[in-house]
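>>> just a sequence and a predicted model for now, questions to come.
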Amino acid sequence: MEQLHHFSHEHLLSLVQLQPLQKNENSDTEDEDEDIDDFVVEECHVGKCKMCKEEIYPFHLCYYSCNDCDYSLHKFCAQLPLTQQNHPLHPDHNLTLSDGYQFQDPGFNFGRIFDSFVQCHTCQIERKRFYNYHCSICNFNMDIICATIAEQKMDHPSHPRQLQRYLGQMVFSCNACGEKHSGTFYHCTTCYWFKIHLDFALLPAKLLIQRSTNKSFTHTHLLTLAYSFPQFLKRARFYPGCKVCDSGFISTFWHYRCDKCRYYAHVKCATSMSEAFMSIFMLPGLGKTSKNFKDDDHPNLIRCPFPNESFNLLKHLFINKGELTIERKIDGEIFSHPHPLILIETLDNGSVSLHDPVKRVELLCDGCVRPITDLPFYKCSQDDCGFVLHEWCTRLPSEIQDHHGHPNHTLVLWPRFGRSFGVFQCKICLLPSNGFTYGCMQCGYYVDINCAFIPDAITHEANPNHLLKRIEASPETYCMACHRYTIKNRSVFHCPTCEFCVHTKCALLLPREIRHRYDKHSLSLRYYAAENHSSEYFCEICEDEFNPEKWFYHCSTCASSMHTACALLKLHCERSIVPDDEHVFWFLNVKSGKTLEITDHPHPLTYEQGLSADGECDVCHKQLQHYVIYKCSRCKFTRHDVCWCA
């Protein structure tokens, strides 16, 4: 009936059709602006039925409403008869509909008014002034919710068969999330095990979510409610984690996911309105970023990651301060070099080229062992000598007082370490290096010149507007970049506000952009799975699948990705790749190719990184691949650096 005169209301009621909450998943439309309307809260709730006092939801499909006032009824409530005969829950006697104010009771005078709670004998729930069916013979009461149970059904996309409401308030494990809940449940009468709580049945089909604590949306796509994981993810080597709580999923439970990216969240995490960091039903970009520090308190704050591979702490500290005047020629002896150094301001003569991995040109500074990609720089006056320095590496102080890793003694600048080829292991980043070092000979403490100037605090793009302070880590400290735990008492950058933590070398040695000869475009550092990339991730260098939850380099134009370890390759060792358990390329601070004549061998030796083709060490007989080695190009002499004194 399109219109109805109902005894409970003085005005005419009209039938209103409701649209289903879920859209057709086979629809061809991709207009996200239209999808946004699907999850606005006000449009998902019509109001309450005046008879049963329960919500009218879209899955009810239609309801009766008054055009003159705020009065609505469920369709099944509006069509209830005044008298029920042979009701399945009380088949012996007729039941009479009462409005809860008065009904006949055999223990009292007929027509006495009751203004108290009436208990339903079916669900055992007491309600005050509530429509119910009453049997005057046996004083049986049944509220209209229980009386209409057979009509209260829903078609839900999570299950192929129609779901029916349970009688009363129940406590069950919900098949949507796997946890126990109390309240209203819907179940399948055929699949006895399938039960979902009403709150999960009403989850919006699409929503927007923010990931971090700063109230700014970091994932711009709509998330879609899904009821199981795709088959390819069930077989994936790296199973995704929830972007909110960082814990795993059970594939049979519901979740929200982005159909364009590898972005997943538990349904409870994605819709937890009580959490301060969670906000749904909003358009992207409406939130404001909150900072936990003042800029005036940190005037020289370093903002990571650095723009490119050539930029480092030294450039930040010295090149913009104007402390020294650029000289055209300096004495090489102050850097333990036998020849004078000339300032190169142009490349007109063609005698030297800037570092360019795409063109297979390598030019590494002998001080900081970083690529030289800009002018000016210093070069040895002898054309056959490969000694070069960044301009800012000539400004290093000769001593450092009160270094955080060795505060008791002064650290002295050593342009050349005492051992053969000048190789040492930095006490801060634990990486081998043959660049300049600051050291204390008394204690045998040496650090590379980059780690010598690690600041007390930084900010990082991966956790914007939160100050990261340098602390000495405990073994339980977990790096968000490499997903590895930290060696005790090693420096890390940590945010006490959100517990974000990153190793100092992950923060300082991974630039924002790099160039690699395997990709004609620049690759950007990514902290999460890239948008519009829903498939698995494979490294273009080592061809191994990797977990996009770890930081990696990615080209959106070519859809190519690389491990951070593989992307930071020097040209001379591009065929030897450190496995993915090394989050920073192990030989990042090593300049190979130098030769040395020794008395124990008739030919000059070259300092290199070991390749698989180099075989075994002639001392320890272990593989040379991935290690620093000495190699003779004329004979088969090869030896680990650590085995040199053997």
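All right, it came through fine. Numbering: from 1, shown residues only.
>>> can you give me the helices for the stretch 301-450 of the chain?
With DSSP state H, counting those that start in this stretch, the ranges of helices along the stretch 301-450 of the chain come out as 313-314.
>>> and the strands in it?
Remark: strands assigned in the stretch 301-450 of the chain by DSSP state E, counting those that start in this stretch are 302-304, 329-330, 341-344, 377-380, 388-390, 399-400, 411-414, 424-425, 432-433, 437-440, 445-448.
>>> for His494, which of these is the nearest?
strand 302-304 (13.8 Å; CB to CB). Bear in mind the C-beta positions are built from the backbone N, C-alpha and C, glycine included.
>>> so what strands line up beside the closest one?
Partner strands and pairing direction for strand 302-304 (DSSP bridges) are strand 457-460 (parallel).
>>> then the strand it pairs with to PDB, C-alphas only?
C-alpha atoms of strand 457-460 as PDB (Å, rounded to 0.1, in the frame of the first residue of the first chain):
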ATOM      1  CA  ALA A 457      67.500  16.400  16.700                       C
ATOM      2  CA  ILE A 458      66.000  16.300  13.200                       C
ATOM      3  CA  THR A 459      62.700  16.100  11.500                       C
ATOM      4  CA  HIS A 460      61.900  13.500   8.800                       C
END
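>>> make CSV from the strands of the stretch 301-450 of the chain and add distance to Val118 to it.
Below are those laid out as CSV (distance: least, CB to CB, whole Å):
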stretch, distance to Val118
strand 302-304, 68
strand 329-330, 98
strand 341-344, 95
strand 377-380, 91
strand 388-390, 87
strand 399-400, 84
strand 411-414, 85
strand 424-425, 82
strand 432-433, 83
strand 437-440, 85
strand 445-448, 81
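>>> so which of those comes closest to Leu363?
Using CB to CB, those put strand 388-390 closest to Leu363, at 6.3 Å.
>>> that closest one pairs with which strands, parallel or anti?
Sheet partners assigned to strand 388-390 using DSSP bridges are listed as strand 377-380 (antiparallel).
>>> need the contact partners of the partner strand.
For strand 377-380, the surrounding residues in contact (CB atoms under 8 Å, 6 or more residues apart in numbering) are 330, 332, 337, 339-344, 352, 365, 386-391, 394.
>>> can you map out the helices along the stretch 51-200 of the chain?
For the stretch 51-200 of the chain, the helices defined by DSSP H, counting those that start in this stretch occupy 75-78, 144-147, 198-201.
>>> now do the first one: which elements does it pack against?
Under the contact criterion of 3 or more CB pairs under 8 Å, 6 or more residues apart in numbering; DSSP states H and E, helix 75-78 touches strand 62-66.
>>> any idea of the mean pLDDT in the strand it packs on?
Regarding strand 62-66, the rounded mean pLDDT is 91.
>>> and for stretch 412-426?
Mean per-residue pLDDT for stretch 412-426: 77.
>>> check stretch 183-193 too.
Averaged across stretch 183-193, pLDDT comes to 89.
>>> may I ask you to name the longest strand in the chain?
Longest strand in the chain by number of residues (criterion: DSSP state E): strand 519-526.
>>> picking that back up, and the strands of the stretch 301-450 of the chain, which one is worst for confidence?
When the strands of the stretch 301-450 of the chain are compared by mean pLDDT, strand 329-330 comes last with a mean of 66.
>>> how about the residue nearest the centre of the chain, secondary structure?
Nearest to the geometric centre of the chain sits Tyr528, at 4.6 Å (CA atoms, centre = their mean). Three-state call for Tyr528 (DSSP: H, G, I helix; E, B strand; the rest coil): coil.
>>> for it, report the pLDDT, please.
On pLDDT, Tyr528 comes in at 78.
>>> ok, it - contacts?
Per CB under 8 Å, 6+ apart, neighbours of Tyr528: 243, 263, 548-549.
>>> by neighbours, which of the residues you listed wins?
Each of the contacts of Tyr528 was scored for neighbours by other CB atoms under 10 Å, and Lys243 scores highest at 26 neighbours.
>>> from Glu499, how far off is that one?
Lys243 sits 16 Å away from Glu499, going by CB to CB, to the nearest Å.
>>> longest helix in the protein, by number of residues?
Longest among the helix segments of the chain by residue count, using DSSP state H, is helix 504-509.
>>> which residues sit against that helix?
The contact list for helix 504-509 (CB under 8 Å, 6+ apart) reads 304-306, 312-313, 428-429, 431, 450-451, 454, 458, 460, 468, 470, 479, 481-482, 490-493, 551, 568, 583-584, 588.
>>> just give me how far it sits from the chain centre.
Averaged C-alpha coordinates place helix 504-509 at 18 Å from its chain's average position (CA atoms, centre = their mean, to the nearest Å).
>>> again with stretch 336-343
Centroid separation for stretch 336-343 versus its chain: 48 Å, with CA atoms, centre = their mean.
>>> list the buried residues in it.
337, 341-343 (16 or more other CB atoms under 10 Å).
>>> tell me the one of those residues nearest Asp70?
Among the buried residues of stretch 336-343, and counting by CB to CB, the member closest to Asp70 is Leu343, at 82.9 Å.
>>> is Phe200 in contact with Trp254, as I believe?
Yes: between Phe200 and Trp254 there is a contact under CB atoms under 8 Å: 6.8 Å.
>>> what touches both of those two?
With contacts taken as CB under 8 Å, 6+ apart, the residues that reach both Phe200 and Trp254 are 176-177, 267.
>>> got the residues you listed as CSV, with pLDDT columns?
Below are the shared contacts of Phe200 and Trp254 laid out as CSV (pLDDT from 0 to 100):
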residue, pLDDT
Ala176, 88
Cys177, 86
Val267, 85
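>>> measure the residue nearest to Ser173 when sequence neighbours are not counted to Cys174 for me?
Excluding the flanking residues, the one nearest Ser173 by CB to CB, 6 or more residues apart in numbering is Lys180, at 5.2 Å. In this view, Lys180 and Cys174 are 8 Å apart by CB to CB.
>>> more neighbours, the two?
More crowded of Lys180 and Cys174, by other CB under 10 Å: Cys174, with 21 against 10.
>>> got the contact list for the residue nearest to that one when sequence neighbours are not counted?
Nearest residue to Cys174 in three dimensions, chain neighbours excluded: His197, at 4.5 Å (CB to CB, 6+ apart). Taking CB under 8 Å, 6+ apart, we find His197 in contact with 172, 174, 176, 181, 183-185.
>>> quick one: which of the residues you listed sit in strands?
Among these, DSSP E puts 172, 181, 183, 185 in strands.
>>> what bridges to the second one?
The bridge-partner assignment for His181, based on DSSP bridges, gives Phe172.
>>> correct me if wrong: it contacts Asp199.
Yes: with contact defined as CB under 8 Å, His181 reaches Asp199; the gap is 7.4 Å.
>>> higher neighbour count, those two?
Neighbours were tallied for His181 and for Asp199 using other CB under 10 Å; the higher tally belongs to His181 (19 against 16).
>>> where does the prediction get shaky in the stretch 51-200 of the chain?
100-116 (pLDDT under 70).
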